[in-house]
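S.K.: Have a look at this fold, sequence not included:
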């Protein structure tokens, strides 16, 4: 029989919003995870890795479908619209799910939906239907959305308020571990499995010959997604049967209207949503068009698989930077660190756009190091001081992930209309927004420290 959290733990959960990021930095010696919650922390952190794998495997599908089905960049980027559109529609229902049931229930449901979406890739490949694949990726992403909506606030409640931002960054450090595993999986199975015939050669093939090649290439997509789907199902089964605290949200939503009325007056929360919208669109855009950028700017790279090595290198830097930034938060206020890193990203993106060539390729890789702390830090800063409205507030910030569904296709249109280099004007704009949010949030940190 699963035990419930104690009254003391529940009361601790309620206090987690009431300490400023500056206070967090001053109390760096406080334990990161509460006693008795280590196993739940490990299992939930594994979910961070799973949706990381999902995100970056999807990034590789844009160049893959472009080649397999002879699509434009804008057409193939509809994969991202389906994937990140699910986040927008599923974040709020997920919040009500954990309000009524428990974090554990939300995680298990999310993992099983994740597995279902991956399994739907099989009938989609049999039908050779791009629209069917979009449906599969939508269901797949719905599972990711539930996981992310449930896991992030759960991690925040697993310890003292003083270490909440560090704790979410620690958990998020394993997200890029999953991302790099997803990239390797996509590279070895999907990209390496692409036939060398280009669009011109394919247009000259007979219908049967082309269908044979496409069937093989789509079967590779199915194999990759079935692998992560099986892993998700197994993890869901483990969490379902594992005995650990099955906490419900201890903060009651006393009416959607009342909660929303309070949040809409919170300028920090509103700006965090805007910043997260632009950042997610930026991050996904940077990675989605990396393969295309490398192929255009590095004449020594001639295949999609070889170009994806730059994405892997970027994710290695992303992982290293996440741990470094988490450590830096012991001595540097999170918002200040966010604004500094965003400024560096702005400079690197200008190099990507205007310099190009080998220098641009390495600048593009370096951008990943800058992006590592942005999502969890914006999330944590945005929920500072929201109190009992944390569940709705967190859902609002997660819904901002819809930026990936809107900005990435727009960047694809820029690729088709201008060049892949100029398309990075979209991430440049996004980094500017994040930098401004960091400066504004840091001002709030300073005011809190004075008080």
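M.R.: That came through fine. This structure is a prediction, so every number in the text was calculated from the model and none was measured.
S.K.: Which pLDDT value belongs to residue 3?
M.R.: pLDDT, residue 3: 32.
S.K.: number of nearby residues for residue 90?
M.R.: Here the number of neighbours of residue 90 (other C-beta atoms under 10 Å) works out to 26. In short, each C-beta sits where N, CA and C put it, glycine included.
S.K.: surely it meets residue 147?
M.R.: No - here residue 90 does not reach residue 147: they are 10.0 Å apart, not a contact under C-beta atoms under 8 Å.
S.K.: what's the spacing between the residue nearest to residue 84 when sequence neighbours are not counted and residue 299?
M.R.: With sequence-adjacent residues excluded and distances taken as C-beta to C-beta, 6 or more residues apart in numbering, residue 84 is closest to residue 404, at 3.4 Å. Remark: distance between residue 404 and residue 299 (C-beta to C-beta, to the nearest Å) = 30 Å.
S.K.: With neighbour numbers in mind, choose between these two.
M.R.: residue 404 (29 against 9).
S.K.: by contact count, what packs against the helix or strand where the more buried one lies?
M.R.: Using DSSP states H and E, residue 404 sits within helix 403-417. Other helices and strands packing on helix 403-417, by 3 or more C-beta pairs under 8 Å, 6 or more residues apart in numbering; DSSP states H and E, are helix 73-76, helix 78-100, helix 267-288, helix 420-423, helix 425-450.
S.K.: The ones you listed: which one's closest to residue 340?
M.R.: helix 425-450 (7.7 Å; C-beta to C-beta).
S.K.: and that closest one, what does it pack onto?
M.R.: Looks like helix 425-450 contacts helix 21-26, helix 267-288, helix 334-354, helix 374-382, helix 403-417 (3+ C-beta pairs under 8 Å, 6+ apart).
S.K.: let's see 10 Å
M.R.: helix 21-26, helix 267-288, helix 334-354, helix 357-371, helix 374-382, helix 403-417 (3 or more C-beta pairs under 10 Å, 6 or more residues apart in numbering; DSSP states H and E).
S.K.: can you list those helices in CSV and add mean pLDDT and distance to residue 202?
M.R.: Compiled in CSV, these are given as follows (pLDDT from 0 to 100; distance: least, C-beta to C-beta, whole Å):
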stretch, mean pLDDT, distance to residue 202
helix 21-26, 46, 53
helix 267-288, 93, 22
helix 334-354, 95, 30
helix 357-371, 96, 28
helix 374-382, 89, 38
helix 403-417, 91, 19
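S.K.: and the residue lying closest to residue 353 once chain neighbours are set aside, how many neighbours?
M.R.: Distance criterion C-beta to C-beta, 6+ apart; nearest residue to residue 353, sequence neighbours excluded, is residue 424 at 5.0 Å. Neighbour count for residue 424, taken as other C-beta under 10 Å: 30.
S.K.: same thing with residue 41?
M.R.: Considering only other C-beta under 10 Å, residue 41 is surrounded by 20 other residues.
S.K.: Enumerate every residue touching it.
M.R.: 32, 33, 34, 154, 155, 158, 159, 167, 170, 171, 244 (C-beta atoms under 10 Å, 6 or more residues apart in numbering).
S.K.: same deal with residue 429?
M.R.: So residue 429 contacts 278, 281, 282, 346, 349, 407 (C-beta under 10 Å, 6+ apart).
S.K.: now for these, which pair is the farthest apart?
M.R.: Most distant of these, by C-beta to C-beta, are 346 and 407, 16.4 Å apart.
S.K.: which one of these two has more residues nearby?
M.R.: residue 407 (25 against 19).
S.K.: so how far is residue 274 from the closest residue in space to that one that isn't next to it in sequence?
M.R.: Of all residues not flanking residue 407 in the chain, residue 281 sits nearest, at 2.8 Å (C-beta to C-beta, 6+ apart). Counting by C-beta to C-beta, the separation of residue 281 from residue 274 is 11 Å.
S.K.: Show me which of those two is the more surrounded one.
M.R.: residue 281 (28 against 17).
S.K.: And the more buried one, how far from residue 84?
M.R.: Distance from residue 281 to residue 84, by C-beta to C-beta: 8 Å.
S.K.: And residue 186, by the same measure?
M.R.: Applying C-beta to C-beta to residue 186 and residue 84 gives a distance of 17 Å.
S.K.: same deal with residue 368?
M.R.: 19 Å.
S.K.: And residue 238, by the same measure?
M.R.: Going from residue 238 to residue 84 by C-beta to C-beta gives 28 Å.
S.K.: The closest residue in space to residue 275 that isn't next to it in sequence: neighbouring residues, count only.
M.R.: Excluding the flanking residues, the one nearest residue 275 by C-beta to C-beta, 6+ apart is residue 437, at 3.8 Å. Neighbour count of residue 437, defined by other C-beta under 10 Å: 28.
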